[in-house]
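In: Any chance you could fold what I've pasted below:
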Amino acid sequence: MDVKVTVSNHSAFYPSHLLAPLVAWVAGQMKGSATVQVHDREKPGQLSAGFARNDGSVVLHLSRQTSYPRRTTHVREVGSVRLDSWQEELVLVLAHELRHVEQFATWPPRKLMKRAMEDDAERFAVMVLERFRAEASATIDAVA
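Out: Residues are numbered from 1 along each chain as shown. Next up is the predicted model:
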């Protein structure tokens, strides 16, 4: 399926030439289209966060963290996740929110499925992160 993503970068910390390829890669793991807005978290060190709307848009608030690795906080379905870079943090949070965009278009009404949707989005995000790591590792091995 053709995936279309529009990125609106409002970050002073992350330049568009670094964000756009990552956002495009993550969007390629989903079905449909989305608009992604990227903002900075107010305080350095806060974990990245985001939310999805049922109109196909996602708003991300990216951490200004510069020290890795670090772990996510509570994640019900998959436990804490180790993040080794800001790129991995973006992949995890964006995949989670893009999964919600996909769910809004294909799942029954949200109020009845909220817990199931969160659990599914958490599992999907970790799966996408594992794919990202595998592809990054394969790329590094091919160059070496």
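
In: Just give the nearest non-adjacent residue to Val91, would you?
Out: Phe132 (4.8 Å; CB to CB, 6 or more residues apart in numbering). For glycine as for every other residue, the C-beta is placed from the backbone atoms N, C-alpha and C.

In: Can you classify that neighbour as helix, strand or coil?
Out: Here Phe132 is recorded as helix under DSSP: H, G, I helix; E, B strand; the rest coil.

In: Next up, the contacts around it.
Out: For Phe132, the contacting residues are Trp25, Val26, Gln87, Glu88, Val91, by CB atoms under 8 Å, 6 or more residues apart in numbering.

In: State the distance from it to Ser16.
Out: Using CB to CB, to the nearest Å, one gets 19 Å for the distance from Phe132 to Ser16.

In: now Thr73
Out: 28 Å.

In: Which of the two has more residues huddled nearby?
Out: Neighbour comparison, Thr73 and Ser16: the larger count goes to Ser16, with 13 against 7 (by other CB atoms under 10 Å).

In: Quick one: mean pLDDT over the lengthiest strand in the chain.
Out: Ranked by residue count, the top strand of the chain under DSSP state E comes out as strand 33-40. Mean pLDDT, computed over strand 33-40, is 88.

In: Could you export it as CSV, CA atoms only?
Out: Taking C-alpha atoms only, strand 33-40 is exported to CSV below (Å, rounded to 0.1, in the frame of the first residue of the first chain):
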residue,chain,number,x,y,z
SER,A,33,-1.3,8.2,5.5
ALA,A,34,-0.5,10.6,8.3
THR,A,35,0.6,14.1,9.2
VAL,A,36,3.3,14.3,11.8
GLN,A,37,4.2,17.4,13.8
VAL,A,38,7.5,17.3,15.7
HIS,A,39,8.1,19.5,18.7
ASP,A,40,10.7,19.6,21.5
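
In: How about residues contacting it?
Out: Contacts for strand 33-40 (CB under 8 Å, 6+ apart): 3-14, 19, 23, 27, 56-62, 64, 94, 98, 101.

In: Weed out the non-buried ones from those.
Out: 5, 7, 9, 11, 14, 19, 23, 27, 56-62, 64, 94, 98, 101 (16 or more other CB atoms under 10 Å).
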